[in-house]
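Undergrad: make a model of this:
(one chain, ligands or ions: 2)
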Amino acid sequence: MGKIDGFLEYERKVSAAVPPRERVENYNEFHRMLSQKEQQLQGARCMNCGVPFCQSGYLFGGMVSGCPLHNMIPEWNDLIFKGKWELALRRLLSTNRFPEFTGRVCPAPCEAACTCGLQNASVSIRENEYSIIENGYQNGWICPAPPPARTGKKVAVVGSGPSGLSAADWLNKRGHEVTVYERSDRPGGLLMYGIPNMKLDKAVIRRRTEIMEQEGVRFVLGSDVGREVAADDLLDGYDAVLLCCGASNPRDLNVPGRDAQGIHFAVEYLSGVTKSLLDSELTDGKAISARGKSVVVIGGGDTGNDCTATAIRQGCKEVVQLEMMSAPPTDRAADNAWPEWPRVLKTDYGQEEASALFGQDPRRYQSTVKEFLKDEQGRLRGVIVSLLTPQTDPATGRVLMIPTGEEYEMSADLVLIAAGFTGCQSYVAEAFDLLLDERGRVRTEKFQTDIPGLFACGDIRRGQSLVVWALKEGGDAAAAVDEYLMGYTNL
Ligand SMILES: Cc1cc2nc3c(=O)[nH]c(=O)nc-3n(C[C@H](O)[C@H](O)[C@H](O)COP(=O)(O)OP(=O)(O)OC[C@H]3O[C@@H](n4cnc5c(N)ncnc54)[C@H](O)[C@@H]3O)c2cc1C
Ligand code: SF4
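TA: Ligands and ions are numbered 1, 2, ... in the order given. All right, here's what the predicted structure looks like:
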């Protein structure tokens, strides 16, 4: 710790966002980063506590607190305070291969666990991380570094989301020959075709995958394993296969009128907009459009928020987000003490934008769709919303949301279902003869499936999660694959 009283002397300061009304005019990232000097002072706020929960990644009550990657946060905070940016970068990269992703999209469980957070002013860990990596790129410190020697072992990675990229990077660094199979036309998984461009500029993903290619990782795009590429060809042609296919089965809403035209899953919608943006600057007309429409987003979570923000940028008439659960409290409840993840109301960028444009928060809690209404041509014209109330199931202790009997009708021309995911897609499981658990996740023992040489990691194994967990799983699975191939691992 370079500055003993830094947390007393300097206030928490984070980057300013472009005002909502201005930023909805385009799909660009909208945070104006602090200067290097200002970021150094933010580094000085870290006390290097005796028990730094920020880097623990422990699960409290099923929620993570602290960084799952065990980033050595107090060390690099100290280094940036001292202006030793390159050393800070080396320290950061030793645990997190892609801080440019987490620095933009991680919900920062590290900050929830920061001791300064006890006074609601945690160290700005995520932005410090972002500054370290972007400084690294600007100064030319991030450049291709192919492994000095090859092991002669070949590994196929299926899926190029954060778990696949992380595993491929570690395995390649170890000297294995890595080929990444990706069914989509661009690498990145949900980083590319899920998270919108305003949260994570797609050039940031390209910048990284180009370096990986120069380091020797081969990407085979447009290649659907289990359909166009036979599972047996991979199992026979490689020394190990690692499945990183995500949990892309969307949870549906089976209510009357579901077949109406104008109802789409969130990722189908979001990915179409990003693809059109990248292919043609949105001129090809191929994306589902919210222009001039009344939009209902089903799901009040992060994915629903991304849909809200995207619909606003497309020029929707109005947008409402329906959420089944009750609104969380604005402050921590008594049974949700630090350093647990704070289960409090958070207003995300899309909701902020909706409030600025339409004068109210788009979220409606304790609400679900009971029925979709269509016109004579089968087009969506509205929804019937049913109100819910929480009730504890005496048998399980779980809180169930029960209809109150109150309902109302709302007009809608576009519905986006952002109600979560139910696990691995069935054709992948069938192609590899995989065992799934009751939540559709691939069953593994230390990342190894019950088929020798076949491994799985990321959302396909863990269920829908976070980028930081996908990176962690990719690294750990790479070590398991390496041990299988070499009899030991130094990853
Ligand atoms: C809309 C949305 C927004 C999100 N925002 C955030 C956020 O802000 N912060 C955060 O931390 N997390 C966020 N998440 C969650 C996060 O993106 C995921 O947890 C993470 O991407 C999972 O990584 P993964 O590598 O396991 O899978 P994915 O990212 O889903 O990647 C899987 C890849 O495998 C490919 N694939 C699948 N099957 C095959 C096959 N048979 N052959 C070839 N390729 C195949 C897919 O095309 C895809 O590219 C978000 C999720 C969604 C849906
Ligand atoms: S990866 Fe996420 S949890 Fe870990 S230090 Fe970065 S922002 Fe915090």
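
Undergrad: residue 269 contacts residue 307, correct?
TA: Yes: in this structure residue 269 lies within contact range of residue 307 using C-beta atoms under 8 Å: 6.3 Å. C-beta coordinates here come from the backbone N, C-alpha and C atoms, glycine included.

Undergrad: okay, the two: which has more neighbours?
TA: Between residue 269 and residue 307, residue 307 has the larger neighbour count (other C-beta atoms under 10 Å), namely 31 against 26.

Undergrad: any residue of stretch 206-222 touching ligand 1?
TA: No: contact between stretch 206-222 and ligand 1 is absent, the nearest approach being 8.9 Å (criterion: C-beta under 6 Å from any ligand atom).

Undergrad: buried sites along that stretch?
TA: 208-209, 211-212, 215-217, 219 (16 or more other C-beta atoms under 10 Å).

Undergrad: any shared contact partners between residue 269 and residue 307?
TA: residue 416 (C-beta atoms under 8 Å, 6 or more residues apart in numbering).

Undergrad: can you say which helix or strand has the closest residue to ligand 2 within the stretch 301-450 of the chain in it?
TA: Scanning the stretch 301-450 of the chain for the residue nearest ligand 2 gives residue 341, at 10.9 Å (criterion: C-beta to the nearest ligand atom). For residue 341, there is no enclosing helix or strand under DSSP states H and E.

Undergrad: next, count neighbours for it.
TA: Residues near residue 341, counting by other C-beta under 10 Å, number 19.

Undergrad: which other helices and strands does the helix ranked longest in the chain contact?
TA: Longest helix of the chain, by residue count under DSSP state H: helix 467-486. Judged by 3 or more C-beta pairs under 8 Å, 6 or more residues apart in numbering; DSSP states H and E, helix 467-486 is in contact with helix 99-105, helix 162-173, strand 240-243, strand 454-456, helix 459-462.

Undergrad: list the contacts of the last one.
TA: The set of residues that contact helix 459-462 without belonging to it, under C-beta under 8 Å, 6+ apart, is 159, 161, 163, 243-247, 421, 423-424, 428, 441-442, 444, 447, 465, 469-470, 473.

Undergrad: can you do 6 Å?
TA: For helix 459-462, contacts defined as C-beta atoms under 6 Å, 6 or more residues apart in numbering pick out 243, 245-247, 424, 441-442, 444, 465.

Undergrad: one more: the third one?
TA: Counting by C-beta under 6 Å, 6+ apart, strand 240-243 makes contact with 155-158, 167, 234-235, 453-456, 460, 477, 481, 485, all of which sit outside it.

Undergrad: tell me which two of those sit farthest apart.
TA: Farthest-apart pair in those is 460 and 485; separation 20.8 Å (C-beta to C-beta).

Undergrad: more crowded one of these two?
TA: When residue 460 is set against residue 485 and neighbours are counted by other C-beta under 10 Å, the residue ahead is residue 460, at 31 against 20.

Undergrad: against residue 472, how distant is that one?
TA: Using C-beta to C-beta, to the nearest Å, we find residue 460 at a distance of 14 Å from residue 472.

Undergrad: how about the residues of the stretch 101-250 of the chain by ligand 1?
TA: So the stretch 101-250 of the chain meets ligand 1 at 105-106, 158-164, 181-184, 189-190, 194-195, 199, 224-226, 244-246, 248 (C-beta under 6 Å from any ligand atom).

Undergrad: next step: the residues you listed restricted to helices.
TA: Going by DSSP H, the helices hold 105, 162-164 from those.

Undergrad: would you mind listing what in the stretch 351-491 of the chain touches ligand 2?
TA: residue 468.

Undergrad: all strands for the stretch 351-491 of the chain, in order.
TA: 363-364, 367-374, 380-392, 399-411, 414-417, 454-456 (DSSP state E, counting those that start in this stretch).

Undergrad: CSV for those, including distance to residue 47 and mean neighbour count?
TA: Shown next, in CSV, are these (distance: least, C-beta to C-beta, whole Å; neighbours: other C-beta atoms under 10 Å):
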stretch, distance to residue 47, mean neighbour count
strand 363-364, 36, 20
strand 367-374, 43, 20
strand 380-392, 39, 18
strand 399-411, 38, 12
strand 414-417, 43, 27
strand 454-456, 40, 25
